[in-house]
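Student: please work out how this folds:
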Amino acid sequence: MKQPYLMLWLLIPGPSAPENDIHVYLQPLIEELKELWEDGLQTYDASKNETLRMRAAVLWTISDFPTYANLSELSTKGKLACPSCNKDTCSLRLKHGKKEYVMHIEKNVCDNVIGTLLNIEGKPNNSLKARLDLQKMGIRRALHPMTNGKNKTYLPPACFTMSTKEKEALCNILKDVKVPDGFSSNISRRVNIRERKIAGLKSHDCHVLMQQLLPLAIRSSLPKKIFPPAFFDIVVHLPIHLADEARITGPVQYRWMYPIERYLLTLKSYVRNRSRVEGSIAEGYLVEECLIFCLRYLKGVESKLNRPPRNDEDGPCEIKEEFSMFSSTGRHIGDTKTCTLDRITIEQAHQYVLFNCQIQDLHRSRSEHLSEKLRWLADGPSTIATRYTGFLIKGFRFHTKEREQRRKTQNSGVVVTATIRSFSSTRDQNPIA
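Tutor: All right, here's what the predicted structure looks like:
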């Protein structure tokens, strides 16, 4: 699902979506797919130096929820809003609450939860219309709208919203959060502590927030909350079917929206003339394809096809590979300083080398002629060492705590999983694996 392997087959013009008329634009594509499946196409296989009959099939489609209705010709609104449940959908139409839902499930659920908890203005889950729906249904009487002596409507505070202090605590936690390098974007930029709200989250930001950060940030302030009926819309219902979809279609990384969104951002960047959006995208796409085709025949030139990854360890390194145990040395980044090791550090380094070297039967050797490596092991490590503020090894990035003080990411922690069962003493009946 990377951009070099995505092809732009069709670009539908117009300021608005075609909705149910999308089949008119997809008809040429469908005819070509039928031809590829029924007749196939004679293709050359460069790896085997032979020709084969290539066939193609549509496994699934990736779209937002409204487009899903246009493609499948199923209803995604009203009483039968869930295509999976269909006629078995249990729904209730709220008289006062009227909403529209677009984009993907996880982002909508995240926006729904955050908007309800922080009581963000413009979110309908705790508005006057939502309270009127509670009053009409005859439930949650403590939350029904009230009228004071000045004929002004008053909304009693709800248990599913946070107090001012709880909102500030949540915003401060998300503002100061640090995640590993490459784990997510800088979510702290989306937090407004002064107005106590979170806005502008992307799809992957919502994924990280819902899966990792939000349960930890609100567990002390929201031990048990009951949301209003307006919260439980079709977007909150759809995650029930995610397990069935995973069982049918397999891993989610081949059918989620994240690579599609990134590709749509790339296509939008091609627009130079806003009055001719479709032409700008088509022209930019053709130029990109021509450049990629030419780059495949250029040798010794760095391009997007052969550019090393961000945490590449094959760069210049000053460490000499004398022992085979140090064959994967990595690459240092940042400032370099020389320091003198204390006695404990020297002993730890010496023991590590002795326990991990690949020279066999050192204690049984009685020869008077010792190898140079054996003399190095006997002499022990040097008291002078080189210290770095960052290091890249095996695709991972590690920083010192001093280096992370001025960064939004945290890469100073190292976790080692034990491969043997260890006992703290002879009385230990619960070994740690």
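Student: surely residue 168 meets residue 194?
Tutor: No: the pair residue 168 / residue 194 is not scored as a contact, 9.7 Å apart, by C-beta atoms under 8 Å. Quick note: C-beta positions are derived from backbone N, CA and C, even for glycine.
Student: more crowded one of the two?
Tutor: It is residue 168, of residue 168 and residue 194, that has more neighbours when counted by other C-beta atoms under 10 Å, with 14 against 7.
Student: just the C-alpha atoms of stretch 3-22, please, in PDB.
Tutor: Only the C-alpha atoms of stretch 3-22 are listed here, as PDB (Å, rounded to 0.1, in the frame of the first residue of the first chain):
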ATOM      1  CA  GLN A   3       2.400   5.300  -3.200                       C
ATOM      2  CA  PRO A   4       4.800   3.900  -6.000                       C
ATOM      3  CA  TYR A   5       2.400   1.000  -6.300                       C
ATOM      4  CA  LEU A   6      -0.900   3.000  -6.400                       C
ATOM      5  CA  MET A   7      -2.300   3.900  -9.800                       C
ATOM      6  CA  LEU A   8      -4.700   6.700 -10.600                       C
ATOM      7  CA  TRP A   9      -7.200   5.000 -12.900                       C
ATOM      8  CA  LEU A  10     -10.100   7.500 -12.800                       C
ATOM      9  CA  LEU A  11     -10.500  11.200 -11.900                       C
ATOM     10  CA  ILE A  12     -14.200  12.300 -11.700                       C
ATOM     11  CA  PRO A  13     -14.600  16.000 -12.500                       C
ATOM     12  CA  GLY A  14     -17.000  18.300 -10.900                       C
ATOM     13  CA  PRO A  15     -17.400  20.400  -7.700                       C
ATOM     14  CA  SER A  16     -19.700  17.800  -6.100                       C
ATOM     15  CA  ALA A  17     -19.700  14.000  -5.700                       C
ATOM     16  CA  PRO A  18     -21.600  11.900  -8.300                       C
ATOM     17  CA  GLU A  19     -23.300   9.900  -5.600                       C
ATOM     18  CA  ASN A  20     -25.500   7.200  -7.100                       C
ATOM     19  CA  ASP A  21     -24.400   8.100 -10.700                       C
ATOM     20  CA  ILE A  22     -20.900   6.900  -9.900                       C
END
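Student: ok, and what's touching that stretch?
Tutor: 24-26, 28-29, 66-67, 70-71, 73, 259, 262-263, 266-267, 278, 281-282, 285, 292, 304-305 (C-beta atoms under 8 Å, 6 or more residues apart in numbering).
Student: now stretch 400-413
Tutor: Under C-beta under 8 Å, 6+ apart, the answer for stretch 400-413 is 178-181, 183, 186, 188, 334, 388-390, 396-399.
Student: pull the distance from that stretch to the chain's centre.
Tutor: 21 Å (C-alpha atoms, centre = their mean, to the nearest Å).
Student: so where is the stretch 151-300 of the chain shaky, pLDDT-wise?
Tutor: With pLDDT under 70 as the threshold, the stretch 151-300 of the chain has low-confidence stretches at 220-231.
Student: mind listing the strands for it?
Tutor: 153-154, 191-192, 197-198 (DSSP state E, counting those that start in this stretch).
Student: same for the last one, what does it pack against?
Tutor: The one in question is strand 197-198. The helices and strands touching strand 197-198, judged by 3 or more C-beta pairs under 8 Å, 6 or more residues apart in numbering; DSSP states H and E, are helix 164-176.
Student: please save the CA atoms from stretch 45-65 in CSV.
Tutor: Extracted in CSV, the C-alpha atoms of stretch 45-65 (Å, rounded to 0.1, in the frame of the first residue of the first chain):
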residue,chain,number,x,y,z
ASP,A,45,8.0,-12.2,-16.3
ALA,A,46,11.5,-10.8,-16.0
SER,A,47,12.5,-13.0,-13.1
LYS,A,48,11.8,-16.3,-15.0
ASN,A,49,12.4,-14.9,-18.5
GLU,A,50,9.1,-16.1,-19.8
THR,A,51,5.6,-14.9,-20.6
LEU,A,52,2.4,-15.7,-18.6
ARG,A,53,-1.3,-15.0,-18.7
MET,A,54,-1.9,-12.3,-16.0
ARG,A,55,-5.4,-12.0,-14.5
ALA,A,56,-6.8,-9.5,-12.0
ALA,A,57,-9.7,-9.5,-9.6
VAL,A,58,-11.2,-7.0,-7.2
LEU,A,59,-10.8,-8.2,-3.6
TRP,A,60,-12.3,-5.2,-1.8
THR,A,61,-12.9,-1.5,-2.0
ILE,A,62,-11.7,1.3,0.4
SER,A,63,-13.9,4.3,0.8
ASP,A,64,-15.6,6.5,3.4
PHE,A,65,-19.1,5.6,4.7
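Student: average model confidence for that stretch?
Tutor: For stretch 45-65, the mean per-residue pLDDT is 87.
Student: gap between that stretch and the chain center?
Tutor: 27 Å.
Student: now stretch 340-356
Tutor: 40 Å.
Student: in that stretch, what counts as buried?
Tutor: 341, 346, 353 (16 or more other C-beta atoms under 10 Å).
Student: the second one and residue 379 touch, don't they?
Tutor: No: the pair residue 346 / residue 379 is not scored as a contact, 11.5 Å apart, by C-beta under 8 Å.
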